[in-house]
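Peer 1: Dropping a prediction and its sequence here:
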Amino acid sequence: MAQLYFYYSAMNAGKSTTLLQSAHNYREQGMDVLLYTASIDDRFGAGLIKSRIGLAEAAQVYDTQTNFSECIRASIDSVPESEPRIACVLVDEAQFLTRVQVDELAEVVDALSLPVLCFGLRTDFQGETFPGSARLLAIADKLNELKAVCVCGRKATMTVRVDEQGRVIAAGSQVQIGGNERYESKCRRHHRELLSAAR
């Protein structure tokens, strides 16, 4: 039975790596997948999912105007019968989904019996949930936490934002695209201490 999955974590837990491995697993079985990534994150080029360990693959881009129900149905309808069938939808940077888009992805699962796997951050650098992540936490059939590690060795569940000198930033817009140069994964204790000191 198809389900809506949310794989979440702090930065550097291997979300994109896991997504690309899942795509590979489907293709090894003779099935095809639809890959989506957020247009707002173009650090590696528009429409590219790239992991920190070097895996990369082209994907369709989405923004806040994308209607997933329509796009996915159109993609399925355009596949010739001689080609492998689309068996799964994988969404990277799922924290940037809107609430409506998460509901559209749930509709794809329910109406088309197509599994949808979403990968993203649970919270921002201030410890607040992203709208897409909040909706996924509310309605996903399966929640899977991917583990990251804090510098102290504890499980990192939070992310801090740093400036060009590596100092923790306590204020700013919720979305600022970046990687290791902009964000660090921390345990809850160190996240709290670093944010308090930055304030």
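Peer 2: Noted; the coordinates are in hand.
Peer 1: in the protein, which spans are helices?
Peer 2: 15-28, 68-77, 99-112, 131-139, 188-198 (DSSP state H).
Peer 1: closest to Val168 out of those?
Peer 2: In terms of Cβ to Cβ, the element of those nearest to Val168 is helix 188-198, at 4.4 Å. Yep, even glycine has a C-beta here, placed from its N, CA and C like the rest.
Peer 1: mean confidence score for that closest one?
Peer 2: Helix 188-198 shows a mean pLDDT of 86.
Peer 1: Pull out the buried residues from it.
Peer 2: Within helix 188-198, the residues that count as buried by 16 or more other Cβ atoms under 10 Å are 190-191, 194-195.
Peer 1: Closest to Leu19 out of these?
Peer 2: Nearest member of those to Leu19, counting by Cβ to Cβ, is His191, at 24.9 Å.
Peer 1: Touching, the closest one and Arg161? I think so.
Peer 2: No. Checked against Cβ atoms under 8 Å, the pair His191 and Arg161 is beyond contact range at 10.8 Å.
Peer 1: any idea how far Gly47 lies from Leu90?
Peer 2: 14 Å (Cβ to Cβ, to the nearest Å).
Peer 1: Need the contact partners of the least confident helix or strand in the chain by mean pLDDT.
Peer 2: When each helix and strand of the chain is scored by mean pLDDT, DSSP states H and E, strand 168-169 comes last, with a mean of 76. The contact list for strand 168-169 (Cβ atoms under 8 Å, 6 or more residues apart in numbering) reads 125, 160-163, 194-195, 197-198.
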